[in-house]
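[1] Next comes the sequence, and after it the predicted model I'd like to discuss.
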Amino acid sequence: MKLLLSLLAVFLSLSSTSVVRAQTLAMCRDNCDDAWTSARKFCRDRYAVGSNNRKECNDAANQARASCKRGCNQSNMMMMMMMMQGTATSNPTSRPTYRPTASPTASPTANPTMDAGTSTGTPTASPTTNPTGAPTLCFDPKLVASNTKCEDANDGLLFSEEDQTVESCNELCHQNSACEFFSLGKVTADLDQINFFGVCIGCEGPQPSAVESGFNLYSVDDCVPTAAPTASPTTCPNPPKIADDQKCSTSNDRLFRTANNDPKTVLECNQLCYNDPDCSFFSLGEDATGDLQGVCIGCQGGTGSQDQDGFNLYAVDGDCITRTPSASPTTAFPTTSPTTNPTASPTDSPVCSVSPGFVASNQKCSSGAERAFRSQNGDPMSLEECNAMCVADSACVAFSLGENLDPSNTLYGVCIGCTMATPDSGQTGFNFYTVDETCGTEPPTASPTTSPTSGPSASPTSSPTASPTASPTAHPTASPTA
């Protein structure tokens, strides 16, 4: 019995000391990472990107960190041997302090202290009523491959930044119009391997295939952040209710009915009715049960209603609806019909009205060899300008244009030139056209010539004369006259 108690005491002692040893090892490795971060910052501030000096400086920092962590491992092993020999501290702390104090405290604090200036102050009891100043970014980059990174600079590398996350690295790639892929250093457990955690590298297509342990390769997500919300949400009263437990009848008076199990609000049902020019009333299953909950029915008149428990009948309200803007400003396009009177004289350089061949909606040409060019985000182009850019590029035979997007979207008006006449990639809001090359030809003269040229060509032809000689010869000549 005494022997079992002794073995149990030894086991508990070793378990406690193992926790301390693991925490000490973690602190040692954190110190190695802090020193490495400072060294890499020194290299970044002192040497230019891509230079040999910066590469050598980074290599030296990486090697120093690897040596530092190997030293941590060796110290950890020595500590374990000392603890097994009974030299461990008799009363170790349950966890290390966040940062060591200037002088040792009598006992560790219950919780780690915070750095000066990082306190958030007293939190609010509930979220603020106003929305945030700017929306969060939307992103969904696709993991393409593990242990793969962008190639070197001569193979399309665009940038290299440190201390990045997946979100921030995707944003860096999104802001660069040429960037289609990015690789990001991940955490590695191998102490002998250089740790590139947080290193973000952006590159062009096609998909890179350079093998590099410790990197993940992603394709960029061009999801555009939504515009900042309004300072405070607008309130909209419900449309006027006509009757309870009434719905649009199933006669010809009914215009539409939404699907079961797809519940609509009063304002959403009002919007559906407003969008139909024949709709004057609608009924909504606000108090209905089961799959009829939220079913919206539109009708022409309220007189054709019928009893239906759980449905309420409303008159459509046009003051609280969302009006759909025009697809594009009308001023950017020519008039629908010619002017009533012609101009007094021809213009010096007539305007050419392009007619690119519409191919498909929500389509574009993908990146790579199929793409001739791509304009910058936030610099919208008209149909004529995009067509002219394609005409100016000898490799361009078609183009896609971000026309069907909200003007606040940074992809609105983006022009992509294509080397192929058919689209091969989907893209919401983009229309695909074949180029119209009729514009760009030599303009006509400033005004038509007043009369034809004054005479024939500079020298007569070598053909026979137009009329015979004055009198025929007695005998034919040996050969025709010149």
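    Received it, and whenever you're ready, just let me know what you need.

[2] since we're on the closest residue to Asp424 other than its chain neighbours, how many residues are nearby?
    With CB to CB, 6 or more residues apart in numbering as the criterion, Asp424 has its nearest non-adjacent residue at 5.4 Å, and that residue is Ser366. Every C-beta, even on glycine, is put in place using the N, C-alpha and C of the backbone. For Ser366, the neighbour count with other CB atoms under 10 Å is 17.

[3] Use 839 as the first number from now on
    All set: I'll call the first residue 839, so the last point we hit is now Ser1204.

[4] Name the SS class of Ser1204, please.
    coil (DSSP: H, G, I helix; E, B strand; the rest coil).

[5] Any figure for the gap between it and Asp1231?
    Distance, Ser1204 to Asp1231, using CB to CB, to the nearest Å: 17 Å.

[6] Kindly report the same for Ser1121.
    Ser1121 is 57 Å from Asp1231, by CB to CB.

[7] Pick out whichever of these two has more residues nearby.
    Ser1121 (29 against 14).

[8] which residue packs closest to the more buried one, ignoring adjacent ones?
    Per CB to CB, 6+ apart, closest to Ser1121 is Lys1085, 3.8 Å.

[9] Ramachandran coordinates for Gln1201?
    phi -140, psi 150 (degrees, to the nearest 10).

[10] To what extent is it buried, counted in neighbours?
    17.

[11] Just the helices from the stretch 889-1038 of the chain, written as ranges.
    890-922, 1004-1013 (DSSP state H, counting those that start in this stretch).

[12] elements contacting the first one?
    I take that to be helix 890-922. helix 840-884 (3 or more CB pairs under 8 Å, 6 or more residues apart in numbering; DSSP states H and E).

[13] For the stretch 1039-1188 of the chain, give me the ranges with low pLDDT.
    1061-1074, 1140-1142, 1158, 1160-1188 (pLDDT under 70).

[14] Provide a list of residues in contact with Val887.
    997-998 (CB atoms under 8 Å, 6 or more residues apart in numbering).

[15] now Asp1114
    Contact analysis of Asp1114 by CB under 8 Å, 6+ apart lists 1093-1094, 1136.

[16] Please indicate which of those has the highest neighbour count?
    Counting neighbours by other CB under 10 Å, Gly1136 leads the contacts of Asp1114 with 25 neighbours.

[17] ok, now how distant is it from Gly1216?
    39 Å.

[18] I'd like the average pLDDT over the helix or strand containing Phe1270.
    Element membership of Phe1270 [criterion: DSSP states H and E] is strand 1263-1272. In this model, strand 1263-1272 has a mean pLDDT of 91.

[19] okay, that strand in CSV with CA atoms only?
    Extracted C-alpha coordinates of strand 1263-1272, given in CSV (Å, rounded to 0.1, in the frame of the first residue of the first chain):
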residue,chain,number,x,y,z
SER,A,1263,-16.2,32.2,-67.3
GLY,A,1264,-19.3,33.5,-65.4
GLN,A,1265,-19.3,36.9,-63.8
THR,A,1266,-22.5,38.5,-62.4
GLY,A,1267,-23.2,42.0,-63.8
PHE,A,1268,-20.9,41.7,-66.9
ASN,A,1269,-22.1,41.6,-70.5
PHE,A,1270,-20.0,40.0,-73.2
TYR,A,1271,-19.7,41.6,-76.7
THR,A,1272,-17.8,41.0,-80.0
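
[20] In terms of helix, strand or coil, where does the closest residue to Gly1255 other than its chain neighbours fall?
    Distances taken as CB to CB, 6+ apart put Ala1210 closest to Gly1255, at 3.6 Å, once the chain neighbours are dropped. In the three-state summary, Ala1210 is assigned as strand, counting by three-state DSSP.

[21] and Ala1210, how many residues sit next to it?
    Ala1210: 20 neighbours (other CB under 10 Å).

[22] Local confidence estimate at it?
    For Ala1210, pLDDT reads 90.

[23] Might one say that it is in contact with Val1229?
    No - look at Ala1210 against Val1229 with CB atoms under 8 Å: they stay out of range, at 11.4 Å.

[24] which residues pair with Ala1048 across the strands?
    On the basis of DSSP bridges, Ala1048 is bridged to Lys987.

[25] distance of Asn1215 from Glu1009?
    Per CB to CB, Asn1215 is found 13 Å from Glu1009.

[26] hang on, the earlier thing: what strands flank the strand holding Phe1270, and is each parallel or antiparallel?
    When pairs are called by DSSP bridges, strand 1263-1272 turns out to pair with strand 1195-1202 (antiparallel), strand 1236-1239 (antiparallel).

[27] so after the shortest one, what's the next helix or strand?
    Moving toward the C-terminus from strand 1236-1239, the next helix or strand (DSSP H and E) is strand 1253-1256.

[28] quick one, strands of the stretch 989-1138 of the chain?
    In the stretch 989-1138 of the chain, the strands defined using DSSP state E, counting those that start in this stretch lie at 995-999, 1019-1023, 1038-1041, 1048-1057, 1079-1086, 1092-1095, 1119-1122, 1134-1137.

[29] What are the buried residues along the fifth one?
    It stands for strand 1079-1086. Across strand 1079-1086, burial judged by 16 or more other CB atoms under 10 Å covers 1084-1086.

[30] try stretch 876-886
    Here stretch 876-886 shows 877-878, 881-882, 885 as buried, counting by 16+ other CB under 10 Å.

[31] Count the residues that sit near Ala1126.
    18.

[32] Look up how far Cys1134 lies from it.
    11 Å.

[33] got it, and Gly1148?
    Look at Gly1148 and Cys1134: by CB to CB, they are 13 Å apart.

[34] so what sits against both of the two?
    Contacts common to Gly1148 and Cys1134, judged by CB under 8 Å, 6+ apart, are Gly1123.

[35] For the two, indicate the residue with more neighbours.
    A count of neighbours by other CB under 10 Å puts Cys1134 above the other of Gly1148 and Cys1134, at 25 against 17.

[36] okay, now the closest residue to that one other than its chain neighbours: neighbour count?
    Taking CB to CB, 6+ apart, and ignoring the residues beside it in sequence, Cys1134 has Cys1107 as its nearest neighbour in space, at 3.7 Å. Cys1107 has 26 neighbours, counted by other CB under 10 Å.

[37] my read: Cys1107 touches Phe1120, true?
    Yes - Cys1107 is within contact range of Phe1120, at 5.2 Å (criterion: CB under 8 Å).

[38] between these two, what contacts are shared?
    With CB under 8 Å, 6+ apart, Cys1107 and Phe1120 have common neighbours 1134, 1136, 1152.

[39] The last one: helix or strand, and which one exactly?
    For Tyr1152, the enclosing helix or strand under DSSP H and E is strand 1143-1153.

[40] Show me what that strand is in contact with.
    1076-1088, 1104, 1107-1108, 1118-1127, 1130, 1133, 1135, 1137, 1140.

[41] Tabulate the shared contacts of Cys1107 and Phe1120 (JSON lines), appending distance to Thr986.
    Shown next, in JSON lines, are the shared contacts of Cys1107 and Phe1120 (distance: CB to CB, whole Å):
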{"residue": "Cys1134", "distance to Thr986": "50"}
{"residue": "Gly1136", "distance to Thr986": "54"}
{"residue": "Tyr1152", "distance to Thr986": "58"}
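
[42] just these now: which is nearest Ser1246?
    Closest to Ser1246 out of the shared contacts of Cys1107 and Phe1120 is Cys1134 (28.9 Å), distances taken as CB to CB.
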